[in-house]
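A.B. asks: Only the shape, not the letters, is given here:
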Ligand code: GLN
């Protein structure tokens, strides 16, 4: 990325980034990063708008702007993403945690309320977002997390170490080899249909975290089928799913024998998570 003239101040660098077509907030975050400042320091940019831009900052920033214009998520460029109040390190080995998934975390925390030392399992943990948020909010819980990807687990385990959270991680495909007796099993599995027109926009993220068969429900079907063996009586299975999958997921849960099947809305008011209680004596 070359500007006709190299910006000489902080404000000019921001203006140049926006002129290239970068969203203003993204431009601020990337500029702060290039200046070695924290992402929450946006006020600094205003207070220092006439400061001279350090010589190395523009080459570093323009390299990042090119990658952003090619569609890379800002979180990968910054190397971090805030999720449920935790700062998680992320890179292309894991899906970028979305604010919508905080809905699933809030719901899981409600399901854990009133249980002393409950046990929770996060399936397909990726960066560790759900498991780490649960463990942070409930230090008394035993939180387990699995992922099929060794690469993802390396990211999640590093996040757990850095945050000092004692989540137990294991490499597994969904519930293969999982323990039983969980109070809550929560998952943000892949749920996008293989031919979904939105997939090209997500091409920088691992497709194994996004795509689940012809209708996007392959992994959810498998989790719904196998979860009862691993839930405590009265335990909840909570699943994030696509914007138009609530009805289908309700049906899968009800057919499997879950009760109190219901959904929660994401920040946009879309039914984004569905779940139910396992009560049946097996
Ligand atoms: N919510 C993500 C998206 O549509 C998909 C995450 C997933 O498949 N679990 O961008």
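C.D. replies: Okay, I see it. Treat the numbers as computed from the prediction; the structure is a model and nothing was measured.

A.B. asks: Report the mean confidence score over stretch 253-264.
C.D. replies: The pLDDT scores in stretch 253-264 average 98.

A.B. asks: what does stretch 39-56 give?
C.D. replies: Per-residue pLDDT over stretch 39-56 has a mean of 94.

A.B. asks: Just the endpoints, please. Distance across that stretch?
C.D. replies: 19 Å (C-alpha to C-alpha, to the nearest Å).

A.B. asks: Mind listing what's buried along that stretch?
C.D. replies: By neighbour count on 16 or more other C-beta atoms under 10 Å, the buried set for stretch 39-56 is 39, 44-45, 53. Quick note: C-beta positions are derived from backbone N, CA and C, even for glycine.

A.B. asks: can you check stretch 101-114 too?
C.D. replies: Those would be 101-105, 107-109, 111-112, for stretch 101-114 by 16+ other C-beta under 10 Å.

A.B. asks: Please identify which helix or strand holds the most centrally placed residue in the chain.
C.D. replies: In the chain, the centroid-proximal residue (C-alpha atoms, centre = their mean) is residue 97; its distance is 1.9 Å. Assigned by DSSP states H and E, residue 97 belongs to neither a helix nor a strand.

A.B. asks: pretty sure it contacts residue 83?
C.D. replies: Yes: the pair residue 97 and residue 83 passes the contact test of C-beta atoms under 8 Å, sitting 4.0 Å apart.

A.B. asks: Next, show the common contact partners of these two.
C.D. replies: 127, 129 (C-beta atoms under 8 Å, 6 or more residues apart in numbering).

A.B. asks: who in the protein is up against the ligand?
C.D. replies: Those residues of the chain that sit near the ligand, judged by C-beta under 6 Å from any ligand atom, are 98, 188, 190-192, 202, 210.

A.B. asks: Mind doing that once more with 8 Å?
C.D. replies: Within the chain, the positions near the ligand by C-beta under 8 Å from any ligand atom are 95, 98, 100-101, 124, 188-192, 198, 202, 205, 209-212, 216, 240, 242.

A.B. asks: Can you tell me which of those residues end up in helices?
C.D. replies: When DSSP state H is applied, these are split such that residue 101 fall in helices.

A.B. asks: Kindly give a single PyMOL line that selects the buried subset of the residues of the chain next to the ligand.
C.D. replies: Those of the residues of the chain next to the ligand that count as buried under 16+ other C-beta under 10 Å are selected in PyMOL with:
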select buried, resi 95+98+100+101+124+188+189+190+191+192+202+205+209+210+211+212+216+240+242
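
A.B. asks: Among the residues of the chain next to the ligand, name the ones in strands.
C.D. replies: Among these, the residues falling in strands (DSSP state E) are residue 240.

A.B. asks: What is the burial count for residue 227?
C.D. replies: 26 (other C-beta atoms under 10 Å).

A.B. asks: Over to the one 4 residues further on?
C.D. replies: Close neighbours of residue 231, defined as other C-beta under 10 Å, add up to 23.

A.B. asks: Spatially nearest residue to it (excluding sequence neighbours)?
C.D. replies: Spatially, and ignoring its direct neighbours in sequence, residue 231 is nearest to residue 278 (4.3 Å; C-beta to C-beta, 6 or more residues apart in numbering).

A.B. asks: distance of the one you found from the ligand?
C.D. replies: Computed as C-beta to the nearest ligand atom, to the nearest Å, the residue 278 to the ligand distance reads 22 Å.
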